[in-house]
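Structure for the following, please:
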Amino acid sequence: MSARAILRFENWTLEPDAEPDSEPVTYAMQCAVDEETSPVSENWAQPQDWVLEHCGKHPSHHTYREIITRPWRAW
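Residues are numbered from 1 along each chain as shown. Sure, this is the predicted structure:
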């Protein structure tokens, strides 16, 4: 008796995970000059407030990155 393989081809879909038990979308900001990063928050306003505070402490730091973590699911 020889082994047989059964192949099944599927079409997959990728989408943001909006299930009730999914991880939350989170936001952070990172200074592109010194790479210091704000605390992660579920509210986008808190990291943006951090940028304004960081600018006040470091007037020559003008460039920032927004970091968004969004859960996705494949099915």
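
List the contacts of the helix or strand residue 15 falls within.
Counting by DSSP states H and E, the element that carries residue 15 is strand 14-16. Strand 14-16 is contacted by residues 70-75 when judged by Cβ atoms under 8 Å, 6 or more residues apart in numbering. Backbone N, C-alpha and C define where each C-beta goes, glycine included.

who does that strand pair up with?
Here strand 14-16 has these sheet partners by DSSP bridges: strand 72-74 (antiparallel).

List of residues touching the partner strand?
So strand 72-74 is contacted by 12-17, 19, 22 (Cβ under 8 Å, 6+ apart).

Centre of the chain to that strand, how far?
From the chain centre to the centre of strand 72-74 is a distance of 14 Å (Cα atoms, centre = their mean, to the nearest Å).

hmm, who's touching stretch 35-45?
24-31, 46-47, 50-51, 54, 67, 69.

end-to-end on it?
Stretch 35-45 has an end-to-end distance of 19 Å (Cα to Cα, to the nearest Å).

got it, and stretch 14-29?
End-to-end distance for stretch 14-29, by Cα to Cα: 26 Å.

Which parts of the protein are helices?
Along the chain, counting by DSSP state H, helices occupy 45-57.

ok, which stretches of it are strands?
Counting by DSSP state E, the chain has strands at residues 14-16, 26-31, 64-69, 72-74.

ok so, going back, closest to residue 63 among the contacts of strand 72-74?
Nearest to residue 63 out of the contacts of strand 72-74 is residue 16 (Cβ to Cβ; 27.9 Å).

Can you report how many residues lie near the closest one?
Burial measure for residue 16: 11 neighbouring residues, criterion other Cβ atoms under 10 Å.

now it: how far from residue 52?
Relative to residue 52, residue 16 is positioned 29 Å away (Cβ to Cβ, to the nearest Å).

hang on, residue 25 packs against residue 71?
Yes. Using Cβ atoms under 8 Å, residue 25 is in contact with residue 71, at 7.3 Å.

Write a ChimeraX command that selects only the buried members of the contacts of stretch 35-45.
Per 16 or more other Cβ atoms under 10 Å, the buried members of the contacts of stretch 35-45 correspond to this ChimeraX selection:
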select :26,27,28,29,30,31,47,50,51,54
